[in-house]
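K.L.:
only geometry, no sequence info:
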């Protein structure tokens, strides 16, 4: 493991809805950025649409709930949304390019044209393990 040369970045590096994810890891390893996202938590209106499609009765019984009460009931019934086909978490690896705005926190960004590796998961522990697995793999390239 060459972890000493890794840069841990405090934001998600991929996925168009990443701002709605509760779980993210982003690590620069050599010439690559390994990005893991998951636990997608969309807006209430989006969750109401989801509930209307998958369990209309539940929505009728719970739509009146406010704030945390609605969120808690929704989480118990549906959990986090999928971020892709049959997965709650994913790790993608991209080539890294120097960021236009340099700072010590995030001197690189992903080259979005093509990912070079991918893993999907439905468990946060597996997502973290998968992130580390791909960090180790791509730090050696």
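P.N.:
Cool, the structure landed. Owing to the predicted nature of the structure, the values given are computational and were not obtained by experimental measurement. Numbers count the residues shown, from 1 in each chain.
K.L.:
beta partners for the residue nearest the centre of the chain?
P.N.:
What sits nearest the mean C-alpha location of the chain, by C-alpha atoms, centre = their mean, is residue 37, with 1.3 Å. Counting by DSSP bridges, residue 37 forms beta bridges with residue 24, residue 90.
K.L.:
is it true that it touches residue 87?
P.N.:
No - under the criterion of C-beta atoms under 8 Å, residue 37 is not in contact with residue 87, lying 10.5 Å apart. C-beta here means a position set from N, CA and C on the backbone, and glycine is covered the same way.
K.L.:
mind checking pLDDT for residue 76?
P.N.:
Residue 76 carries a pLDDT value of 98.
K.L.:
give me every residue that touches the residue nearest to the centre of the chain.
P.N.:
12, 14, 15, 18, 21, 23, 24, 83, 89, 90 (C-beta atoms under 8 Å, 6 or more residues apart in numbering).
K.L.:
now the two most distant members of those.
P.N.:
14 and 23 (13.3 Å; C-beta to C-beta).
K.L.:
any buried residues in the strand or helix carrying residue 136, and which?
P.N.:
Residue 136 belongs to helix 124-139 when assigned by DSSP states H and E. Neighbour-count burial for helix 124-139 flags 124, 126, 127, 128, 130, 131, 132, 134, 135, 138, 139 (criterion: 16 or more other C-beta atoms under 10 Å).
K.L.:
what's the distance between the fourth one and residue 50?
P.N.:
Which is residue 128. Applying C-beta to C-beta, to the nearest Å, the value for residue 128 to residue 50 is 26 Å.
K.L.:
what do you get for the fifth one?
P.N.:
Distance of residue 130 to residue 50, computed by C-beta to C-beta: 26 Å.
K.L.:
follow-up on the earlier one: adding pLDDT, write the contacts of residue 37 out as a markdown table.
P.N.:
As requested, the contacts of residue 37 are arranged in a markdown table below (pLDDT from 0 to 100):
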| residue | pLDDT |
| --- | --- |
| 12 | 89 |
| 14 | 92 |
| 15 | 93 |
| 18 | 92 |
| 21 | 96 |
| 23 | 96 |
| 24 | 95 |
| 83 | 94 |
| 89 | 97 |
| 90 | 97 |
